[in-house]
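In: Okay, sequence plus prediction incoming.
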Amino acid sequence: MTTNAAQKTASRQVSQSIVRPDLIWKLLAYLIAIIAAIFFALPFFWTIGTSLKQQTELYTFPPTFIPSSPRWTNYSEVFRLAPFGTFLLNTAIVTAAAVFGQVLSSAVVAFGFARFRFPGRNALFVVVLATMMLPWHVTIVPSFLLFRSLGWLNTFLPLIVPSFFGASAFSIFLLRQFFLSIPRDLDEAAKIDGANSFQVFWQVILPLSKVALATVAIFAFIEHWNEFIGPLIYLNSTEKFTVSIGLRYFLATPITGDEPRDAILMAASLIVALPPLLLFFFAQKYFVQGIVTTGMKG
Amino acid sequence: MANYKLSRRGFLRSAALASASIAGGAWLAACGNSGGGGSSGGKVDVRFHARIGAQEDALYDMMMPKFMEANPNINLIKESFPGGEYPAKISTLHAGGQLGDVMWSALGGALIQYHYGQNIIQPLDDLVKGQNIDLSQWYKGCLDAVTVDGKLLGLPFKAHPGMAVVYYNQTAFEEAGLPVPTSDWTMDDQLRLAKELTRTEGDRVTQFGYFPNTSWKGFVTLMRAFGGELLSDDRTKIQLTSDAGRQAIEWLYDMFHTHKVAPRPDQITGTGSDAANQMWASGVIAMYQGGTSVANLESTIGDKFKWMVVGNAKGPSGVGGSDFEADCFALTANTKNPEQAFEWIKYLCNYESGKQLGIIGGTIGGRPDVYGDAELLQKPYRVVFKELMDNAQPSRIPANWRQTEAESALTQLTQPLWSGEAKPDKAFIEDINSQLQAILDKPKA
């Protein structure tokens, strides 16, 4: 073996015996991430465990994660003690319609802000964004009075129709940012082929915006699925309630004098949380992509 | 840059779209529910508002068909709302002119006073007199609880004697070789038993002897045991600085810190105001002070341990203390069908409904015939409840109706005592008293 080769071999052996600093940082980062993930996921695992416990097992000390004998009937009790199936159906109807309306109307408005130049466009966009600063406490009373005068109380209309009128400034903003990133050359190419503005929107811009639209749809789904104040204020009949109000059926308090049902409440909460969770797991690619993409160009 | 040029075709298309939108909006408006009571198919609709609750919903579902069969001209429409949001929902309906005909109300939190003050409900005196209703079928204390400014505002629905009950783990007593409490037990007996029943493993308490109620209602009953009243006779003055008030606070403080038989706030494992109930059902507490509604724990506890109830331990005044608590069904101020609505109120507050509440489980109707029903009295704990109810002491609401505000303030102001951050010295008690008095000095809510 020549001297150079021997030196190279020795050098390689020395470097391999020393742990690389970047590997240590990577391990540390993973460790922190794992600990943080366990920390944030702990309440969720506690909910799962509690949903399978007997009521007398809930507040023992020391607390236990795993029930001594899993009580799967807690889940069937959810549907026996309250018309939870009806609540789920109502929520699905309201959410589906509202998501459709929000995606459609937000896209139309965002297209207008992204592609059209007209006097006062920027000021109008600022006004739209400013509506995000308004707390719902300010708008709930005039909204209620409006829907009362329309005779829409105790119907799903107050929960659905506003979504068709660009109700979400955040969605408009998100889509506008994404539309701005689409080259105008595509618009002009379509116009040369004889397309009008609506055709450009529907046949060129929207197909290219699936990621952003999926993001808006996910946000809208979570918002409307979990909504509580709207259903509480606008709905009176039990058969029209949504799951957010339905969960209150299992919230026993000394006021109502009911039997404690925390375990069943946890089971009901998991049932309610399942659709958004599934949606997120299946659509997280679009979710992450949409957030990243809309942040790239301003 | 994209420029939009308005052509004739484009203008006509836009106009058609705008017209269709306006027509669609008008159609949607026509789809709306006009709200409010009315009639359907010749019947009178009676909408009634109630809280969501397993016991009460079960009763309504049971009684509504029976009532409508007996009254074929009346169609009942139930609208139940979450208990915690019930007052807000009622206020919203009232503000929107959407209130129904009948609604639940209660003495608790001076809710009935609020509903009366806001002209949400109307007195029943004329209807009661016109139909010669015999009011003696309900406990006088319950009727007094729902009478404001001399006007009867509802018929009593459910009632109980307040925080007058001590629930005890009979199995824990037997395992410790201790005699179970009797109706004439004293506070000294209670302390002795609580000490014997408190178990520790190292520095951790595995079983607490007694969990007293430290809320406003707990103070009312405890001060009565010491021979005093939390509120003055005219209900304008708070009396925590009286001998009874001072003794009550010191007694409670000793339970937590001197004798260490009660769980401090950091030792409580339950959640919210239901913590004592939850801990007791889990076997962490041997005795605790509660109301009659907790009787629902029968099915929750099952065979885990034997349990029973007894009245509060007697204090120096010779009584354990109690405090009438009642809710009711009232007639809304804007009902267009008062006679039909009153029929439903009477039905909900009759003997059969009151008894059914007991069969379903929980607090029962505020009527002597219900509390004394032979079938219900087969449950041993209901025998105790009857005795307590027959001797319950009247309730007192602050004269300015700021009950909820005063209750919250008392809970917050006394919290440092139970956590050990403050001692019940004269200065501290006077400070609490003055802050509560400031609330009572405010104008009527």
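Out: That came through, no problem.
In: can you give me the strands in the stretch 51-200 of chain A?
Out: Using DSSP state E, counting those that start in this stretch, no strands are assigned anywhere in the stretch 51-200 of chain A.
In: Tell me where it is predicted with low confidence.
Out: In the prediction, the stretch 51-200 of chain A carries residues with pLDDT under 70 at positions A:61.
In: Can you report how many residues neighbour the residue of the stretch 51-200 of chain A found nearest chain B?
Out: Checking the stretch 51-200 of chain A residue by residue against chain B with Cβ to the nearest Cβ singles out residue A:151 as nearest, at 3.2 Å. Backbone N, C-alpha and C define where each C-beta goes, glycine included. Other residues near residue A:151 come to 18 when the count uses other Cβ atoms under 10 Å in any protein chain shown.
In: Over to residue B:185?
Out: The local packing of residue B:185 (other Cβ under 10 Å) involves 20 other residues.
In: repeat for residue A:97
Out: Other residues near residue A:97 come to 18 when the count uses other Cβ under 10 Å.
In: show me the contacts for the closest residue to it other than its chain neighbours.
Out: Nearest-residue entry for residue A:97: residue A:160, 4.5 Å, with adjacent residues in sequence omitted and distances by Cβ to Cβ, 6 or more residues apart in numbering or on different chains. Contacts here follow Cβ atoms under 8 Å, 6 or more residues apart in numbering or on different chains; on that basis residue A:160 touches A:94, A:97, A:98, A:101.
In: Residue 140: what's it in contact with?
Out: All of this is about chain A. The contact partners of residue A:140, by Cβ under 8 Å, 6+ apart, come to A:229, A:233.
In: wrong chain, I was asking about chain B
Out: When contacts are taken as Cβ under 8 Å, 6+ apart, residue B:140 is in contact with no other residue.
In: separation between it and chain A?
Out: 22 Å (Cβ to the nearest Cβ, to the nearest Å).
In: How is chain A divided into domains?
Out: Per the record's domain assignment (automatic domain parsing), chain A is made up of the domains A:17-73, A:80-294.
In: show me the contacts for residue B:217.
Out: Applying Cβ under 8 Å, 6+ apart, the residues contacting residue B:217 are B:162, B:163, B:323, B:325.
In: Would you mind checking the average pLDDT for the host helix or strand of it?
Out: When secondary structure is defined by DSSP states H and E, residue B:217 falls within helix B:216-225. Averaging the model's pLDDT scores along helix B:216-225 yields 96.
In: Show the contacting residues for residue 267.
Out: This is for chain A. A:51, A:52, A:74, A:75, A:77, A:78.
In: oops, chain B please
Out: B:205, B:208.
In: Check residue B:189 too.
Out: For residue B:189, the set of contacting residues under the criterion of Cβ under 8 Å, 6+ apart consists of B:181, B:313.
In: Okay, and which of the contacts of residue A:160 map to helices?
Out: Those of these mapping onto helices are A:94, A:97, A:98, A:101, per DSSP state H.
In: How many residues are close by the first one?
Out: By that I understand residue A:94. The tally of other residues near residue A:94 (other Cβ under 10 Å) stands at 23.
In: what does residue A:111 give?
Out: Using other Cβ under 10 Å as the criterion, residue A:111 is surrounded by 22 other residues.
In: try residue B:72
Out: 9.
In: returning to what we had before: which of the contacts of residue B:217 lies closest to residue B:53?
Out: Sorting these by how near they are to residue B:53, with Cβ to Cβ, puts residue B:325 at the top with 15.5 Å.
In: Please report the distance of that closest one from residue B:395.
Out: In this structure, residue B:325 and residue B:395 are 7 Å apart, going by Cβ to Cβ, to the nearest Å.
In: Residue B:349: what's it in contact with?
Out: With contacts defined as Cβ under 8 Å, 6+ apart, the neighbours of residue B:349 are B:138, B:155, B:156, B:157, B:328, B:329, B:365.
In: So what does it look like in phi/psi?
Out: phi -100, psi 20 (degrees, to the nearest 10).
In: circling back to that earlier point, looking at the contacts of residue B:349, which are in strands?
Out: B:155, B:156, B:157, B:328, B:329 (DSSP state E).
In: Isn't the last one up against residue B:154?
Out: Spelled out, that is residue B:329. Yes. With contacts defined as Cβ atoms under 8 Å, residue B:329 counts as touching residue B:154 at a distance of 5.7 Å.
In: Please identify which of the two sits among more neighbours.
Out: Just comparing residue B:329 and residue B:154: by other Cβ under 10 Å the higher neighbour count belongs to residue B:154, 31 against 27.
In: The closest residue in space to the more buried one that isn't next to it in sequence - how many residues pack around it?
Out: Taking Cβ to Cβ, 6+ apart, and ignoring the residues beside it in sequence, residue B:154 has residue B:328 as its nearest neighbour in space, at 3.0 Å. Other residues near residue B:328 come to 30 when the count uses other Cβ under 10 Å.
In: How about the contacts made by residue B:328?
Out: B:104, B:105, B:106, B:112, B:142, B:146, B:153, B:154, B:155, B:156, B:157, B:349.
In: tell me, what's touching residue B:329 and residue B:154 both at once?
Out: B:105, B:345.
In: Surely residue A:237 touches residue A:154?
Out: Yes. Using Cβ under 8 Å, residue A:237 makes contact with residue A:154 at a distance of 5.9 Å.
In: Give the residue from the two that has the larger number of neighbours.
Out: For residue A:237 and residue A:154, the more surrounded residue by other Cβ under 10 Å is residue A:154, and the numbers stand at 19 against 14.
In: What distance do you get for that one to residue A:115?
Out: Distance of residue A:154 to residue A:115, given as Cβ to Cβ: 40 Å.
In: Equivalent analysis for residue B:168, please.
Out: Between residue B:168 and residue A:115 the distance is 75 Å, computed by Cβ to Cβ.
In: near chain A, anything from the helix or strand containing residue B:168?
Out: Residue B:168 belongs to strand B:165-169 when assigned by DSSP H and E. No. Using Cβ under 8 Å from any Cβ of the partner chain, we find that strand B:165-169 stays clear of chain A, coming within 11.7 Å at best.
In: Contacts only, for residue 243.
Out: Picking chain A for this. Contacts for residue A:243 were tallied using Cβ under 8 Å, 6+ apart; they are A:84, A:87, A:88, A:90, A:91, A:225, A:271, A:272.
In: not quite, I wanted chain B
Out: Taking Cβ under 8 Å, 6+ apart as the criterion, residue B:243 is in contact with B:226, B:227, B:228.
In: at 10 Å what do you get?
Out: Contacts of residue B:243 were listed using Cβ atoms under 10 Å, 6 or more residues apart in numbering or on different chains, and they are B:223, B:226, B:227, B:228, B:316.
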